[in-house]
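Enquirer: requesting a structural model of the entry that follows:
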Amino acid sequence: MTEDRFDPIEDLVGDLFVDRHEELRMCREWVERIPRMHLNSFAFVGRRRTGKTAILVRFFNELFHTQDRVIPVFISFARYVGRREPISYYDFAREYFGGYMRSYLAFRYRKPRLFGDEFGLPRLRRFAEQVNDEYALDLYDHYESILEERDISAAHGLAQWVINFPMGYARMDNMPTAIIIDEFQVLTNVYDPRQDLHHDLTDSFQRASETHWAPLLISGSAITMLMEEALSGLLSGRIVAEHLKPLAREHVHDLVFRFAKDQGLRVTEAFAEAVWRLTSGYPYSVKRLMVSRCEERHRYPSMEALEAVMHHELTDASGGLWQHYETEFNKYGDLLNTGKVTRRVMFWAVKYPEERIDARRVAREIGVDVDEVRASLRKLQQADIVLRVGWNLYRGPGDPMLRRYVEFNCRQEIEDLSPEEAAKDWHKEYERLRGRMSNFVGEVAEVYVDAVMRAFDGRDVEGPAHFGTPGTVRLPVFKRVVRRGGIVNKGVPVEIDLTGEHAETGAPDPAKLAGEMSAWLVQVKYTSEPIGPDDIRKFLDQTDQVVAERSYTNVTRWYFSKRGYTEKAVGCLEQAGVLHSTLAQFNALAKRVGFFGLPE
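Expert: As a prediction, this is how the structure comes out:
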């Protein structure tokens, strides 16, 4: 137990942390393999503000509080990202050694307060002296002795020592250690003041990446730099890269609902769906649409207000997205501001999102030499605007807000348009989206129920509170959940929206004996009026057909209606033994398994 019941590293995301459970599962499996598995190091790769640091911080805090087998070490180079002057060897050594000592002492003595900004290396040493930690004091003595050396190669030697000492001590003293490093790509350009040279320090991590006892979990936000410099060379094949994807559709809805509560806003399912379609799940874009300084935000869930906020965020200097992309592009000014060809190629690329970019076709359409196009694509790749997918093949950006930002700025320059003219196509695109929104509302509910079912974990919950039935209901771990929308049987639409298949406790492996599978058959209704008995009877008839077709050994029927049920419908449900949930009951269930719940 810790003396102080707060996290060593502040979790700035808090309740807004969604849809990174797969990544956390990977982290937990990684730490469970220490020290059993060779080549256990891996990396999370993704653009800035996609949630990499949030995952690492949450995982580190979890390790700190929930286990005592592995020493968790957190080292961050985030404050060096985007700086004009590179990190020096001495800065690197201080950050790396300080991160290790802070993590070790805080974990060993259960003092999360040692992660406070006031605890630099001198105060950490005084703490080690107070508790008489001979291991820590020995490390301090060694660090300081190397630091005092006057040899021209002392800076390089100090860096090598701080990288490699954790694995040696972990093995000798039987202290399995997890080294978590944020913004690893910073180390591709490290300055040695003694020799007045710049070096890529990442190759020095070869042994550290291979050790059983102190493997690395790293993150990086400069994708090309990380993949082609930091993780190539001597680290090639030693650190596996996991690319961080945008948030899934249902989790964007969940995040919108959470932001709305946090910001005191009102939203609807249609509004959340519009945010999903505007952002494609990029979390920072979702955040900016929900916390923008634009006054129109207070008129949510108005779709006109959402369009106005998007326009403000991408075109106004006070817009968070404008500032974010402006900062990113300024970092690559030397690459992107050398003539108009690169900007014309960039403008072409964003018009065809996530499509393969054919340099010959681009050259023909914009009237320049194909070699110029290829050179421009290489620059755009180095700036992480296009993705290289082959020797000379590239793909356009998937982030729709980035595409709009690039389009807005390129059109003003290339086509000599006013800001209003440059953004005119946004309104046409938005009107097309609005025209389709009414078709999505019922589908949104199905997607959300699907996600909640996938989060079932085998626990028992109170039947009256969640399913309108006495006793308890077990939430099975489904082997698969399938959405069945649009299925027609003999000309009649099937009134079953979701099927969740699972194995009963003690049943044979369903992969070997499919007939032993059980299932939940689920109907989701978002009608404007309460559900009546005729709807229930139709559902029962069609579930009987499914049971006959699939030969499930056990079936649970579940009906969810946002507007509730008539008295007679409730009678039909209870007589047939069907689980049934109102919106309030479903939301209570959703919160039990980690979701916010659908809006009222």
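Enquirer: hang on, isn't residue 590 packed against residue 452?
Expert: Yes. With contacts counted by CB atoms under 8 Å, residue 590 reaches residue 452, the gap being 5.1 Å. The C-beta positions use only the backbone N, C-alpha and C, and glycine is treated the same way.
Enquirer: more crowded one of the two?
Expert: residue 452 (25 against 22; other CB atoms under 10 Å).
Enquirer: I'd like the mean pLDDT over the helix or strand harbouring that one, please.
Expert: Under the criterion of DSSP states H and E, residue 452 resides in helix 441-454. Mean pLDDT, helix 441-454: 89.
Enquirer: so where do the strands sit in the stretch 451-600 of the chain?
Expert: With DSSP state E, counting those that start in this stretch as the criterion, the stretch 451-600 of the chain has strands at 460-462, 472-474, 480-483, 488-489, 492-493, 498-503, 517-525, 555-561, 579-581.
Enquirer: now render the ones you listed as JSON lines, adding mean pLDDT and mean neighbour count.
Expert: Listed next are those as JSON lines, based on pLDDT from 0 to 100; neighbours: other CB atoms under 10 Å:
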{"stretch": "strand 460-462", "mean pLDDT": "96", "mean neighbour count": "14"}
{"stretch": "strand 472-474", "mean pLDDT": "96", "mean neighbour count": "16"}
{"stretch": "strand 480-483", "mean pLDDT": "91", "mean neighbour count": "15"}
{"stretch": "strand 488-489", "mean pLDDT": "46", "mean neighbour count": "10"}
{"stretch": "strand 492-493", "mean pLDDT": "50", "mean neighbour count": "12"}
{"stretch": "strand 498-503", "mean pLDDT": "92", "mean neighbour count": "21"}
{"stretch": "strand 517-525", "mean pLDDT": "93", "mean neighbour count": "23"}
{"stretch": "strand 555-561", "mean pLDDT": "95", "mean neighbour count": "22"}
{"stretch": "strand 579-581", "mean pLDDT": "97", "mean neighbour count": "23"}
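Enquirer: quick one: low-confidence ranges for the stretch 251-400 of the chain?
Expert: The stretch 251-400 of the chain contains residues with pLDDT under 70 at 337-339.
Enquirer: wouldn't residue 165 be in contact with residue 135 here?
Expert: No. Counting by CB under 8 Å, residue 165 stays clear of residue 135, with 11.1 Å between them.
Enquirer: more neighbours: the two, which one.
Expert: residue 165 (18 against 14).
Enquirer: could you measure from that one over to residue 207?
Expert: 11 Å (CB to CB, to the nearest Å).
Enquirer: over to residue 219?
Expert: Taken as CB to CB, the span from residue 219 to residue 207 is 21 Å.
Enquirer: cool, residue 8 as well?
Expert: 28 Å.
Enquirer: in terms of neighbours, single out the busier of those two.
Expert: For residue 8 versus residue 207, the count of surrounding residues by other CB under 10 Å is larger for residue 8: 25 against 14.
Enquirer: residues in contact with the more buried one?
Expert: Residues near residue 8 by CB atoms under 8 Å, 6 or more residues apart in numbering: 60-61, 64, 74, 103, 106, 112, 114-115.
Enquirer: mind doing that once more with 6 Å?
Expert: 64, 106, 112, 115 (CB atoms under 6 Å, 6 or more residues apart in numbering).
Enquirer: of those, which belong to helices?
Expert: Taking DSSP state H, the ones among the contacts of residue 8 that sit in helices are 64, 106.
Enquirer: residue 139: which of the contacts of residue 8 is nearest?
Expert: residue 106 (14.9 Å; CB to CB).
Enquirer: gap between the closest one and residue 98?
Expert: 12 Å.
Enquirer: between these two, point out the one with more neighbours.
Expert: Counted by other CB under 10 Å, residue 106 and residue 98 do not tie: residue 106 has more neighbours, with 25 against 17.
Enquirer: so how far is residue 22 from the more buried one?
Expert: Taking CB to CB, one finds residue 106 at 28 Å from residue 22.
Enquirer: now swap in residue 272 and tell me
Expert: On the measure of CB to CB, residue 272 and residue 22 end up 22 Å apart.
Enquirer: same check on residue 408?
Expert: Residue 408 is 34 Å from residue 22, by CB to CB.
Enquirer: these two: which has the busier surroundings?
Expert: residue 408 (20 against 11).
Enquirer: which pLDDT value belongs to the more buried one?
Expert: So, for residue 408, pLDDT stands at 91.
Enquirer: backbone phi and psi for it, please?
Expert: Backbone torsions of residue 408, given as degrees, to the nearest 10, read phi -60, psi -50.
Enquirer: okay, now the domains of this structure?
Expert: Under the assignment automatic domain parsing, the domains of the chain span 14-243, 441-592.
Enquirer: between those domains, which gets the lowest average pLDDT?
Expert: domain 441-592 (a mean of 86).
Enquirer: start to end distance for that domain?
Expert: 24 Å (CA to CA, to the nearest Å).
Enquirer: mind checking how far residue 125 is from residue 131?
Expert: From residue 125 over to residue 131 (counting by CB to CB), the distance is 11 Å.
Enquirer: who's more crowded, these two?
Expert: With neighbours defined as other CB under 10 Å, residue 125 and residue 131 compare such that residue 125 has more, 19 against 12.
Enquirer: stretch 399-417: how far from the chain's middle?
Expert: 27 Å (CA atoms, centre = their mean, to the nearest Å).
Enquirer: may I have that stretch as CSV, with CA atoms only?
Expert: Listed next in CSV are the C-alpha coordinates belonging to stretch 399-417 (Å, rounded to 0.1, in the frame of the first residue of the first chain):
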residue,chain,number,x,y,z
ASP,A,399,-6.9,13.1,-40.5
PRO,A,400,-9.8,15.1,-42.0
MET,A,401,-9.1,18.2,-39.9
LEU,A,402,-5.5,18.2,-41.2
ARG,A,403,-6.8,17.9,-44.7
ARG,A,404,-9.1,20.8,-44.3
TYR,A,405,-6.4,23.0,-42.7
VAL,A,406,-4.0,22.2,-45.6
GLU,A,407,-6.7,22.7,-48.2
PHE,A,408,-7.7,26.1,-46.7
ASN,A,409,-4.2,27.5,-46.6
CYS,A,410,-3.1,26.0,-50.0
ARG,A,411,-6.1,27.3,-51.8
GLN,A,412,-5.6,30.8,-50.6
GLU,A,413,-2.0,30.8,-52.0
ILE,A,414,-2.3,28.6,-55.1
GLU,A,415,-5.7,29.8,-56.3
ASP,A,416,-5.4,33.3,-54.9
LEU,A,417,-8.7,33.1,-53.0
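Enquirer: now do the buried residues in it.
Expert: Buried residues in stretch 399-417, defined by neighbour count with 16 or more other CB atoms under 10 Å: 399-411.
Enquirer: can you name the residues in contact with it?
Expert: 280, 282, 285, 314, 321, 325, 343, 346-347, 350, 353, 397, 422-423.
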